[in-house]
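> Fold the following.
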Amino acid sequence: MLNAKYTDEDVRRSQELTDIALRYLEGYQGDFAFLVRAKNYLEARGTLPAATVRGILNCMRSDPYAAMLLPSTPDGRSVSDRPATTRRHLTAVPQRPAYVVVNTTWKMQYLLSTHKIAEVYHVLRIEYCQLRWYTHARAFAPKLYVWCSKDFTYSREGAYILTNDTQGRRICKGCHNNLEFYQEAQV
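Okay, here's the model as predicted:
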């Protein structure tokens with residue numbers, strides 16, 4: 001298996017990689033959905049986008065027989081495909097962040113399970129909670145932290161809700177102990 005994944009930039013710089021991917025795809029007889037769709041697209045349009053070629057090359061990396069068709073260097077790229085180290089800093093492409101933290105004020109204090117028999121509530125660590133804008137999905141999602149340090153995945157359809165009403169439940173032992181310890185340390 002090769003260590004480095006191919007990038008769109010690798011594909012744009014090397015016609016050899018594109019040719020290898022096209023030859024592999026033309027002879028492909030399997031049923032992997034991505035490769036089947038790429039083959040159909042190639043037959044219909046006669047060309048493939050760089051991102052699709054990159055995907056084909058990375059699929060080839062996981063197939064031992066197909067990997068033999070790729071350039072035989074330790075990182076899977078031919079010598080001519082590697083950027084010169086002196087030009088690397090000049091040609092750096094800024095990467096889009098996975099998410100952006102949005103400034104927000106948290107008005108809810110507690111995290112409750114929506115399960116019918118749940119008996120406890122968790123206290124939010126509001127200073128660490130974040131509202132994130134995921135740029136690739138164009139969606140907002142909160143990243144929540146509670147005093148007991150449990151990991152919660154919050155979603156609108158999820159098993160937890162944010163609220164200011166404890167609904168007659170008792171506080172989580174971990175939240176209680178950590179919150180109490182923190183308050184004693186503040187004195």
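
> and the next element down the chain from the helix or strand bottoming out on mean pLDDT in the chain?
Sorted by mean pLDDT, DSSP states H and E, the helices and strands of the chain end with helix 85-88, the least confident at a mean of 44. On the C-terminal side of helix 85-88, the nearest following helix or strand under DSSP states H and E is strand 99-102.

> List the buried residues for that next one?
Buried residues in strand 99-102, counted by 16 or more other CB atoms under 10 Å: Tyr99. All C-beta atoms are positioned from the backbone trio N, CA, C, and that covers glycine.

> same deal with stretch 14-29?
Residues Ser14, Leu17, Thr18, Ile20, Ala21, Leu22, Tyr24, Leu25, Tyr28 are the ones in stretch 14-29 that count as buried (16+ other CB under 10 Å).

> Out of the residues you listed, which is nearest to Lys116?
Lys116 lies nearest to Tyr28 out of those, by CB to CB, at 50.6 Å.

> Please report how far the closest one lies from Gly46.
Separation of Tyr28 from Gly46 (CB to CB, to the nearest Å): 17 Å.

> what does Tyr24 give?
According to CB to CB, Tyr24 and Gly46 sit 17 Å apart.

> can you put the buried residues of stretch 14-29 in a markdown table and add secondary structure, distance to Gly168 and pLDDT?
A markdown table is the format used below for the buried residues of stretch 14-29 (DSSP: H, G, I helix; E, B strand; the rest coil; distance: CB to CB, whole Å; pLDDT from 0 to 100):
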| residue | secondary structure | distance to Gly168 | pLDDT |
| --- | --- | --- | --- |
| Ser14 | coil | 65 | 82 |
| Leu17 | helix | 63 | 86 |
| Thr18 | helix | 64 | 88 |
| Ile20 | helix | 65 | 88 |
| Ala21 | helix | 61 | 89 |
| Leu22 | helix | 65 | 90 |
| Tyr24 | helix | 63 | 89 |
| Leu25 | helix | 62 | 89 |
| Tyr28 | coil | 61 | 87 |
